[in-house]
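**Student:** sequence below, structure please.
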Amino acid sequence: FATEVLEYDFQGAMKMLIDGEYQEHDSSKVTENENNKQPLNYDVEEEKEPKKVKAYLENERGLDSRLVNWGIKTGVIAQDERNNACFKWIDNENNIVGADKRGTTGKKFQQVVQGSQENYGFHIDILQDKTKPIEHIVITESPIDALSYYEAHK
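**Tutor:** Model (predicted):
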């Protein structure tokens with residue numbers, strides 16, 4: 001993130017991370033990705049009973065059923081008509097601005113839905129008091145990694 005988005009060289013990024021000296025990011029310098037110019041294509045027929053996704057996340061990925069149920073109940077985790085797990089990217093106004101899909105069968109399938117907005121992603125917001133500043137942020141490669149990290153480090 002520090003090298004790709006903030007444009008630090010490797011040594012500068014490491015120094016920033018070790019010293020804990022962070023600057024506010026100027027997003028006006030971010031160039032548009034071609035994917036952003038297309039409208040979000042989240043035309044998913046969500047299954048009312050996401051049994052395949054629950055089984056995959058709980059039995060194969062080892063996630064606690066309470067965490068999986070929370071994701072389904074809040075709507076950030078869903079199951080599409082092909083039994084893929086859908087991890088929705090939600091903005092501050094609770095709009096879907098993107099999504100990751102992950103296959104739940106033996107065939108390996110991963111997809112970022114076309115038109116997903118850059119600079120967003122699946123997130124778990126556990127900030128209890130919204131008036132206090134954020135103390136920690138963890139960036140993971142995938143939604144399942146984020147859920148696994150949260151479960152391991154509650």
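
**Student:** the residue most central in space within the chain: which element?
**Tutor:** Compute the mean C-alpha point of the chain, and by CA atoms, centre = their mean the closest residue is Phe122, 1.7 Å away. Element membership for Phe122 (DSSP states H and E) is empty, with no helix or strand holding it.

**Student:** quick check: it vs Glu141, distance?
**Tutor:** For Phe122, the distance to Glu141 equals 11 Å [CB to CB, to the nearest Å]. Quick note: C-beta positions are derived from backbone N, CA and C, even for glycine.

**Student:** in stretch 91-110, what's buried?
**Tutor:** Ile96, Val97, Gly98, Ala99, Asp100, Lys101, Arg102, Gly103, Thr104 (16 or more other CB atoms under 10 Å).

**Student:** one more: stretch 116-126?
**Tutor:** Neighbour-count burial for stretch 116-126 flags Ser116, Gln117, Gly121, Phe122, His123, Ile124 (criterion: 16+ other CB under 10 Å).

**Student:** check contacts around the third one.
**Tutor:** So the one you mean is Gly121. By CB atoms under 8 Å, 6 or more residues apart in numbering, the residues touching Gly121 are Trp89, Gly98, Asp100.

**Student:** let's see that with 10 Å instead.
**Tutor:** By CB atoms under 10 Å, 6 or more residues apart in numbering, the contact list for Gly121 reads 87, 89-90, 97-100, 112, 139-140, 142-143, 146.

**Student:** for this structure, which element, helix or strand, carries the lowest mean pLDDT?
**Tutor:** When each helix and strand of the chain is scored by mean pLDDT, DSSP states H and E, helix 10-19 comes last, with a mean of 84.

**Student:** who touches it?
**Tutor:** With CB under 10 Å, 6+ apart, helix 10-19 has contacts from Phe1, Ala2, Thr3, Glu4, Leu6, Glu7, Tyr8, Asp9, Glu21, Tyr22, Gln23.

**Student:** farthest-apart pair in the residues you listed, please.
**Tutor:** Distance extremes for the contacts of helix 10-19: the farthest pair is Glu4 and Glu21 at 19.0 Å, using CB to CB.

**Student:** the strands in the chain, which residues?
**Tutor:** With DSSP state E, the ranges of strands along the chain come out as 77-79, 85-90, 96-102, 110-112.

**Student:** good, we can wrap up now.
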